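**Q** Here is my input; please provide its structure:
(chains A and B)
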Amino acid sequence: MKRLFSIAAVAGALACGTAYAQTADDVTKIGVLNDMSGLYSDITGPGSVVAAQMAVEDFGAKQKGMKVEIVSADHQNKPDVGTNIARTWIDVDKVDVIVDVPTSSVALAISEVVREKNKVFLVSGAAASDLTGPKCSPNTIHWTYDTWALANGTGKALVKTGGDSWFFLTADYAFGHALERDTAATVEANGGKVLGKIRHPLNTSDFSSYLLQAQSSKAKVIGLANAGGDTINSIKQGAEFGIVKGGQNFAGLLVFISDVHALGLASAQGLVLTESWYWDMNDANREFAKKFSAANKGKYPTMVQAGVYGAVTHYLKSVEALKNDEDGKAVVAKMKAMPTDDKLFGKGTIRADGRKIHDMYLFEVKKPEESKYPWDYYKVRATIPAAEAFRPLKDGGCPLVSG
Amino acid sequence: MFEIFGISSQALFGQLLIGLINGSFYALLSLGLAVIFGMLNIINFTHGAQYMMGAFAAYLLLQYFGISYWWSLLIAPIVIGFTGVLIERNLIAQLNSSSKLRTVVFLGSTAALFLLARPSFGPTLGLAVATAGGFAVVEAWAYFRPPSESAQHVDHLYGLLLTFGIALIIQGVFRNYYGSSGLPYRVPDQLQGTQNLGFMFLPNYRGWVIAVSLVVCFATWFVIERTRLGSYLRAATANPALVRAFGINVPRMITLTYGLGVALAALAGVMAAPIYNVSPLMGADLIIVVFAVVVIGGMGSIMGAILTGFGLGVVEGLTKVFLPQASDTVIFVVMAIVLLIRPAGLFGRST
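**A** The predicted structure follows:
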């Protein structure tokens, strides 16, 4: 009896394997792939899925008769996990576009997979400027920001105001290396010096030993070429070791509003950072932020999540115009041909190398007494116009451009 | 100043001191684990989650009750230790019981309360409330219907799996509710500032951490190895039936020992809150390293865990100077070497 039952159970389990995802492919499937549970999950995470859903709703897909579905997954900041998910999504689940993907090593890997399968890749979370440089692809568009823009914004501003000797604390993977390389180049181009650098493993909790080395280097600026929990820990422990009191400055090369929220204004005040979007800059952003936070446990949107909204909106417009979502290269070419216009980033363009162009802003974190309401964290120090904000097209080394 | 391997002695001494400070965290955490494993033969994977709960308890006490760091040092370990006691009595000890009725009562009442609590509290908070209610129900039930004796013994692996599962649930609940970026917690005013030691600036708080660790580690070792209560504990694990024949309540000793181990983890959590990011993932990052420390020190040895904790903190600190990229992995390399040469660990007795 027991044997019969177990045979029946095995047969039942095997039968399940024969049911494939039945998509007649008039469905446009959007895959939001990011870090749902680790150190970048507040920057991207479930919030990006909310942003994508809001983009689909605001686009009015239902009214226009387009069937749009959103799926999401956690790549755990591991390139192998990310590429597996991407392949399964494209081969089995008929996903047409992959969006977000923080963690540059994962993004670079997925860019190759998407190129191979001729789908579309819209990067909002990852930073490495290589995505529109030597590793550019006709299937990839790099949206919200990149390491060159950050280096150009924060790095240049700090060197011009006297921070001419730098020491880097770098996350030891693709993103950290890219950010350190781009910022070092900016610093040296503007007359500064790089005194040293340390590479630390991703997701380090204790920076005391590295901060000690940074202190003894006597550099005027300690550049944090890391993100998320690593940056928060560096700044928090830097305050403990009296880095700022001792006359050195922290340069948060990649800081998000979620990081400032976690640090608290007392620790983060005075930090100078570069971002491409802030919720409190105009009424459209404020309205979006209120709707977003209601759906996202009260957390306000980061620029990455706003970037997902903008990217999905422009993608849907292009697919509607082209009436086809199968050929990735064609959709991306259409996206580059159409100028962008969404309520969050305003008007902009996408270059031949896949780089989305818009203004960048230099922000400074407010002091606790200057903050009047929840999430009121930034004041605008300067606007970097779109034409100057990103690496010049000819300097990237992208084969699509020179070829 | 002279140079060693290309870095000045000044910098080296600074790094050694930093290494000792990190080592004191490892020592405090691995002490709790070693106590639980050495005394109770339970592999407590929930240790990291309980460390995280201690840090969160400190944050919540400050946020909602205005209770300062100093009182949190006392209150948080007691509260989290109490939750540890509940977990031990109702989940871990039930592995060895032949009647699963108590487990069924607990799970059933938790599930029922969750269905009731979810609409008003939401899924995450509802689960927490339901679990608390479930514990209350099952404790009341056990009070009025005392359980019968059972002498079944299951493989230690079940304890490992159970505590691992509990750790994942606790971490998931906290992460769902609080996100992963963490929450701010400031160094208390009395401990702010730095001391100029000549070769480095030592933050006062870090000096405090070393002092507390040394005191707590020594006190725990003393209680277990040199007092009568400690001797009862050690005897109760070595030969429970005989010790019970002398009239000592062995299950209660076991429960209190588990509670003590958990309280040590929570204490480490409170001490970590001002300097490390108070985030739901803080335990997961640290627990693997702590397990490696306990394995190297020898799973049953208290003194071994303490000495290895400090020692490995120094090793990791030196690695951060000479080869920072390897600082994550050096402890596991050491563990592999030690296990090849002395499988029972440096100070362990082979069982």
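
**Q** Look at B:Lys323 and say how many residues are nearby.
**A** No Lys there; residue B:323 is Leu. 12 (other CB atoms under 10 Å in any protein chain shown). In this view, the C-beta of every residue, glycine as well, is placed from N, C-alpha and C.

**Q** so how far is A:His177 from it?
**A** 17 Å (CB to CB, to the nearest Å).

**Q** One more: B:Tyr178?
**A** Applying CB to CB, the value for B:Tyr178 to A:His177 is 31 Å.

**Q** How about the residues of chain B by chain A?
**A** Residues of chain B found near chain A (CB under 8 Å from any CB of the partner chain) are B:10-11, B:14-15, B:18-19, B:21-22, B:175, B:179-184, B:186-187, B:193-194, B:200-201, B:203, B:205-206, B:274-277, B:279, B:281-282, B:285-286, B:317, B:320-321, B:324-325, B:327-328.

**Q** ok, 7 Å please
**A** By the rule CB under 7 Å from any CB of the partner chain, the part of chain B lying against chain A is B:11, B:14-15, B:18, B:21-22, B:175, B:179-184, B:186-187, B:194, B:200-201, B:203, B:205, B:275-277, B:279, B:281-282, B:285-286, B:317, B:320-321, B:324-325, B:327-328.

**Q** For the buried ones among those, write the corresponding ChimeraX selection.
**A** Here is the ChimeraX command that selects only those of these that count as buried (16 or more other CB atoms under 10 Å in any protein chain shown):
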select /B:11,14,15,18,21,22,175,179,180,181,182,183,184,186,187,194,200,201,203,205,275,276,277,279,281,282,285,286,317,320,321,324,327,328
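
**Q** what residue lies at the spatial centre of the chain?
**A** This is for chain A. Nearest to the mean C-alpha position of chain A, by CA atoms, centre = their mean, lies A:Gly125 at 1.7 Å.

**Q** that's the wrong chain, I wanted chain B
**A** By CA atoms, centre = their mean, the most central residue of chain B is B:Ala265, 3.0 Å off.

**Q** need the contact list for A:Ser48.
**A** A:32, A:34, A:100, A:304-305, A:308 (CB atoms under 7 Å, 6 or more residues apart in numbering or on different chains).

**Q** Just want the residue of the stretch 201-350 of chain A that's nearest chain B.
**A** Closest to chain B within the stretch 201-350 of chain A is A:Gly264: 3.4 Å, counting by CB to the nearest CB.

**Q** who's in contact with that residue?
**A** Contacts of A:Gly264 (CB under 7 Å, 6+ apart): B:Pro184.

**Q** do that again at 10 Å, thanks
**A** Neighbour list for A:Gly264: A:236, A:368, B:183-186 [criterion: CB atoms under 10 Å, 6 or more residues apart in numbering or on different chains].

**Q** Grab the longest helix from the chain for me.
**A** Using chain A here. Criterion DSSP state H: the longest helix present in chain A is helix A:303-322.

**Q** Sorry, I should have been clearer: chain B.
**A** Using DSSP H, we find that the single longest helix of chain B is helix B:9-40.

**Q** quick one on the thing from earlier: which one of the contacts of A:Gly264 is nearest to B:Val216?
**A** B:Val216 lies nearest to B:Tyr185 out of these, by CB to CB, at 20.3 Å.

**Q** Check the secondary structure at the closest one for me.
**A** What DSSP: H, G, I helix; E, B strand; the rest coil gives for B:Tyr185 is coil.

**Q** circling back to that earlier point, show me which positions of the longest helix of chain A end up buried.
**A** For helix A:303-322, using 16+ other CB under 10 Å, the buried residues are A:303-320, A:322.

**Q** repeat for stretch B:26-46
**A** Across stretch B:26-46, burial judged by 16+ other CB under 10 Å covers B:26-40, B:42-46.

**Q** Contacts only, for B:Leu73.
**A** B:Leu73 neighbours (CB under 10 Å, 6+ apart): B:54, B:58, B:188, B:212, B:266-267, B:270-271.

**Q** Check what pLDDT it gets.
**A** pLDDT, B:Leu73: 94.

**Q** Wait, a helix at it?
**A** Yes - membership of B:Leu73 in a helix is supported by three-state DSSP.

**Q** In stretch B:341-350, which residues are buried?
**A** B:344-348.

**Q** What about those residues, which are in helices?
**A** Among those, no member is found in helices (DSSP H).

**Q** Tell me the one of those residues nearest B:Gly247?
**A** Among those, and counting by CB to CB, the member closest to B:Gly247 is B:Gly348, at 31.7 Å.

**Q** Remind me which helix or strand the closest residue to B:Leu116 other than its chain neighbours belongs to.
**A** Nearest residue to B:Leu116, sequence neighbours excluded (CB to CB, 6 or more residues apart in numbering or on different chains): B:Ala130, at 7.8 Å. Assessed by DSSP states H and E, B:Ala130 sits inside helix B:123-144.

**Q** count of neighbours near A:Asp230?
**A** 26.

**Q** I'd guessed it sits against A:Ala171; true?
**A** Yes - A:Asp230 lies in contact with A:Ala171 (CB atoms under 10 Å); the separation is 5.7 Å.

**Q** list the contacts for the closest residue to chain A within the stretch 151-300 of chain B?
**A** Chain A sits closest to B:Pro184 of the stretch 151-300 of chain B, with a gap of 3.4 Å, by CB to the nearest CB. B:Pro184 sits next to A:232, A:236, A:261-268, B:59, B:62-63, B:273-274, B:277-278 when contact means CB under 10 Å, 6+ apart.

**Q** Can I get the buried part of these as one PyMOL selection?
**A** Typed into PyMOL, the next command selects the buried ones out of these (criterion: 16+ other CB under 10 Å):
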select buried, (chain A and resi 232+236+261+262+263+265+267+268) or (chain B and resi 59+62+273+274+277+278)
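
**Q** out of the contacts of B:Pro184, which are inside helices?
**A** Here DSSP H is the test, and the contacts of B:Pro184 give A:232, A:236, A:261-263, A:265-268, B:59, B:62-63 as lying in helices.

**Q** Tell me the residues of the stretch 1-150 of chain A that contact chain B?
**A** A:35-43, A:45-47 (CB under 10 Å from any CB of the partner chain).

**Q** Show the buried residues in those residues.
**A** If we count by 16+ other CB under 10 Å, the residues of the stretch 1-150 of chain A next to chain B have these buried: A:35-43, A:45-47.

**Q** Just put the residues you listed in a markdown table and tack on secondary structure, pLDDT and distance to A:Lys119.
**A** What follows is these, written out as a markdown table (DSSP: H, G, I helix; E, B strand; the rest coil; pLDDT from 0 to 100; distance: CB to CB, whole Å):
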| residue | secondary structure | pLDDT | distance to A:Lys119 |
| --- | --- | --- | --- |
| A:Asp35 | coil | 93 | 21 |
| A:Met36 | coil | 90 | 21 |
| A:Ser37 | coil | 83 | 25 |
| A:Gly38 | coil | 83 | 25 |
| A:Leu39 | coil | 82 | 28 |
| A:Tyr40 | coil | 88 | 23 |
| A:Ser41 | coil | 87 | 25 |
| A:Asp42 | coil | 88 | 28 |
| A:Ile43 | coil | 91 | 24 |
| A:Gly45 | helix | 92 | 23 |
| A:Pro46 | helix | 93 | 23 |
| A:Gly47 | helix | 94 | 24 |
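
**Q** mind listing what's buried in the helix holding B:Ala130?
**A** Going by neighbour count (16+ other CB under 10 Å), the buried part of helix B:123-144 is B:124, B:126-131, B:133-135, B:137-138, B:142.

**Q** Stretch B:244-254 now?
**A** For stretch B:244-254, the neighbour count (16+ other CB under 10 Å) marks B:250, B:253-254 as buried.

**Q** And for stretch A:237-251?
**A** In stretch A:237-251, counting by 16+ other CB under 10 Å, buried: A:237-244, A:248-251.
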